[in-house]
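J.: sequence and predicted structure, then a few things I'm wondering about:
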Amino acid sequence: MMLRIKRVPTVVSNYQKEEVEEGRVGGCGRNCLNKCCVQGAKFPLYAFKKEKEVPSDKALLGHEDVEPPVPFLDSLLLGEWEDRLQRGLFRYDVTACETKVIPGECGFIAQLNEGRHLKKRPTEFRVDKVLQPFDGSKFNFTKVGQEEVLFQFEASEDGETQFLPSAPLDVDSSPSVVAINVSPIEYGHVLLIPRILECLPQRIDHASFLLALYMASEAGNPYFRLGYNSLGAFATINHLHFQAYYLAVPFPVEKALTRKIAALDNGVNVAELANYPVRGLVFEGGSTMQDLSNAVSDSCICLQDNNIPYNVLISDCGKRIFLFPQCYAEKQALGEVSVELLDTQVNPAVWEISGHMVLKRKKDYEEASEENAWRLLAEVSLSEERFREVSDLIFEAISCSVDDAARSLLDEPNAEPLGVTVFAATCPNTVGGKNDCLVLQ
């Protein structure tokens with residue numbers, strides 16, 4: 001039986017029209033990234049320095065303490081994002097959305113984002129197939145307007161960080177780009193689109209995931225995070241992309257207790273979330289950024305190949321990564337989610353799972369509570385038994401064994417966490433601008 005759900009698709013580009021989604025093609029009549037317009041296009045280029053394999057904390061950051069030619073987060077990414085805000089390219093002003101921290105131990109964050117709810121008919125999405133072929137007749141990121149692209153993001157060819165204010169888009173090399181999301185969840189909400197012109201489907205590969213870690217590292221701020229949603233876990237555009245935004249408050253999942261359950265030979269440690277509504281794995285450590293990236297990429301590829309939907313949060317400047325296998329869309333398709341939860345129209349993707357609840361109705365925002373947030377997220381999680389099965393698949397894929405002593409303690413109701421980890425990144429000064437008071441406590 002084919003499983004499908006109906007939901008209103010999120011509009012990420014001003015050119016994401018009904019006729020495009022329905023497969024009508026023809027002359028675009030605009031300045032897009034497709035073959036009809038891309039020749040001769042120029043954008044800023046940020047070329048990052050690839051790491052040296054040095055077994056130190058600096059290696060994990062991917063660069064030494066050398067001033068970049070332009071501050072990546074403050075001046076380039078957020079500066080270009082604010083330029084597009086001033087030019088009126090967003091569908092609404094996300095900086096005007098009400099936001100609050102919900103009282104309770106977890107500190108869930110609630111945002112009222114009525115602008116994200118479209119008066120538009122729901123579209124059917126297949127949720128029982130994580131890997132689907134790219135379909136050029138549907139909306140994809142080659143159809144965005146060039147004004148929505150902020151800059152190109154590539155590895156430096158000479159080993160040094162470089163910035164060019166205007167560089168030709170090399171069509172033959174299929175560059176990676178950063179573009180705005182015109183329906184932002186938060187300040188600085190962007191899309192990282194690896195090798196955009198290759199039209200890759202929404203599936204993790206080693207090179208693209210490492211690129212996402214480099215972006216988190218270049219940002220150098222733990223409040224700037226990247227997220228990924230697979231098909232079947234609330235990705236609605238089948239063109240490879242990561243999302244990212246800036247929010248100057250720790251996410252609840254970053255503060256959750258963890259128990260270390262496995263260690264790889266290359267120094268990557270794997271832990272399990274404890275006392276959090278969604279079961280998940282946490283990866284950190286490793287001699288190099290590539291060690292950490294490969295461990296997570298192999299895990300994601302394992303889930304994809306086994307048709308298991310999942311979400312990923314890249315946290316703490318790329319040094320800590322959360323992996324959540326999930327089943328909410330499957331439950332929804334099977335009619336196993338309560339009408340009360342469905343009426344909230346909350347699609348629990350990576351941001352919601354991490355504790356940032358994007359609410360579309362004022363009633364839900366005003367009545368937001370830790371109990372309600374926990375109840376929604378608990379529906380996302382795999383059962384204990386299924387999570388064990390999926391974890392075993394992952395550990396086999398990354399060739400490591402689980403600490404049986406740690407796992408046995410997980411099953412004891414009053415067990416103390418073995419390796420307790422909390423969000424311990426040095427909290428930097430918040431980025432200047434309108435985001436200084438996003439969260440009202």
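T.: Noted; the coordinates are in hand. Numbering: from 1, shown residues only.
J.: and residue 389, how many neighbours?
T.: Neighbourhood size, residue 389 [other CB atoms under 10 Å]: 13. C-betas here are computed from N, CA, C, even on glycine.
J.: dump the residue contacts of it.
T.: Residue 389 is in contact with no residue at all, counting by CB atoms under 8 Å, 6 or more residues apart in numbering.
J.: separation between it and residue 299?
T.: Note on residue 389: its distance to residue 299, by CB to CB, to the nearest Å, is 14 Å.
J.: check contacts around residue 46.
T.: 70, 72, 76, 151, 152, 153, 154, 161, 162, 163, 218.
J.: can you list those in TSV and add secondary structure?
T.: Compiled in TSV, the contacts of residue 46 are given as follows (DSSP: H, G, I helix; E, B strand; the rest coil):
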residue	secondary structure
70	coil
72	helix
76	helix
151	strand
152	strand
153	strand
154	strand
161	coil
162	strand
163	strand
218	helix
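J.: tell me which two of those residues sit farthest apart.
T.: Maximum pairwise distance among the contacts of residue 46 (CB to CB): 14.6 Å, between 70 and 154.
J.: now the strands for the stretch 51-200 of the chain?
T.: Secondary structure of the stretch 51-200 of the chain, counting by DSSP state E, counting those that start in this stretch: strands at 99-101, 109-112, 123-126, 149-155, 162-168, 177-180, 190-193.
J.: can I get those in JSON lines including distance to residue 369?
T.: Formatted as JSON lines, these follow (distance: least, CB to CB, whole Å):
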{"stretch": "strand 99-101", "distance to residue 369": "12"}
{"stretch": "strand 109-112", "distance to residue 369": "9"}
{"stretch": "strand 123-126", "distance to residue 369": "29"}
{"stretch": "strand 149-155", "distance to residue 369": "37"}
{"stretch": "strand 162-168", "distance to residue 369": "46"}
{"stretch": "strand 177-180", "distance to residue 369": "33"}
{"stretch": "strand 190-193", "distance to residue 369": "31"}
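J.: indicate which one of those is closest to residue 260.
T.: Nearest to residue 260, of the strands of the stretch 51-200 of the chain and by CB to CB, is strand 109-112 at 26.8 Å.
J.: pLDDT of the closest one, averaged?
T.: Average pLDDT, strand 109-112: 96.
J.: now do it: everything it contacts.
T.: With CB under 8 Å, 6+ apart, strand 109-112 has contacts from 97-102, 185-186, 247, 249, 251-252, 355-359, 362, 365, 368, 373, 439.
J.: what about 6 Å?
T.: 97, 98, 99, 100, 101, 102, 356, 357, 358, 359, 365, 368 (CB atoms under 6 Å, 6 or more residues apart in numbering).
J.: residues near residue 106, how many?
T.: Residue 106: 21 neighbours (other CB under 10 Å).
J.: what sits against it?
T.: When contacts are counted by CB under 6 Å, 6+ apart, residue 106 touches 252, 370.
J.: for it, what are phi and psi?
T.: phi -80, psi -30 (degrees, to the nearest 10).
J.: quickly note the distance from it to residue 310.
T.: Counting by CB to CB, the gap from residue 106 to residue 310 is 22 Å.
J.: do residue 236 as well
T.: 16 Å.
J.: who's more crowded, these two?
T.: Comparing residue 236 with residue 310 by other CB under 10 Å, the one with more neighbours is residue 310, at 24 against 19.
J.: is that one bridged to anything, and to what?
T.: residue 325 (DSSP bridges).
J.: contacting residues around it?
T.: By CB under 6 Å, 6+ apart, the residues touching residue 310 are 230, 233, 303, 325.
J.: dump the strands of the stretch 51-200 of the chain into CSV; add mean neighbour count and distance to residue 223 as well.
T.: Listed next are the strands of the stretch 51-200 of the chain as CSV, based on neighbours: other CB atoms under 10 Å; distance: least, CB to CB, whole Å:
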stretch, mean neighbour count, distance to residue 223
strand 99-101, 18, 14
strand 109-112, 23, 12
strand 123-126, 14, 31
strand 149-155, 21, 19
strand 162-168, 15, 23
strand 177-180, 25, 17
strand 190-193, 25, 14
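J.: those strands: lowest mean pLDDT?
T.: Of all the strands of the stretch 51-200 of the chain, mean pLDDT reaches its minimum on strand 123-126 (a mean of 60).
J.: just give the nearest non-adjacent residue to residue 133, would you?
T.: Excluding its sequence neighbours, the residue lying closest to residue 133 (CB to CB, 6 or more residues apart in numbering) is residue 201, at 6.2 Å.
J.: so for residue 264, which of the strands of the stretch 51-200 of the chain sits nearest?
T.: Of all these, strand 149-155 sits nearest to residue 264, with 24.5 Å by CB to CB.
J.: which residues sit against the closest one?
T.: With CB under 6 Å, 6+ apart as the test, strand 149-155 has contacts from 43, 44, 45, 46, 47, 50, 80, 175, 176, 177, 178, 179.
J.: which of these has the weakest pLDDT?
T.: Scoring these by pLDDT puts residue 50 last, at 89.
J.: count the residues that sit near that one.
T.: Neighbours of residue 50 using other CB under 10 Å come to 16.
J.: which residues of the stretch 301-441 of the chain score low on pLDDT?
T.: Low-confidence segments of the stretch 301-441 of the chain (pLDDT under 70): 400-441.
J.: ok, and what's touching stretch 238-251?
T.: Stretch 238-251 has contacts (CB under 6 Å, 6+ apart) with 132, 140-141, 186-194, 200-202, 212, 223-224, 226-228, 354-355, 423, 430, 439.
J.: quick check: end-to-end length of it?
T.: Start-to-end span of stretch 238-251 (CA to CA, to the nearest Å) is 27 Å.
J.: one step back: distance to residue 11 for the contacts of strand 149-155 - can I get that in JSON lines?
T.: JSON lines is the format used below for those (distance: CB to CB, whole Å):
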{"residue": "43", "distance to residue 11": "22"}
{"residue": "44", "distance to residue 11": "25"}
{"residue": "45", "distance to residue 11": "28"}
{"residue": "46", "distance to residue 11": "27"}
{"residue": "47", "distance to residue 11": "31"}
{"residue": "50", "distance to residue 11": "35"}
{"residue": "80", "distance to residue 11": "20"}
{"residue": "175", "distance to residue 11": "24"}
{"residue": "176", "distance to residue 11": "22"}
{"residue": "177", "distance to residue 11": "19"}
{"residue": "178", "distance to residue 11": "18"}
{"residue": "179", "distance to residue 11": "13"}
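J.: how far does stretch 334-343 sit from its chain's centre?
T.: Stretch 334-343 sits 25 Å away from the centroid of its parent chain (CA atoms, centre = their mean, to the nearest Å).
J.: I should have written stretch 100-114 there, sorry.
T.: Relative to the chain's own centre, stretch 100-114 is displaced by 19 Å; criterion: CA atoms, centre = their mean.
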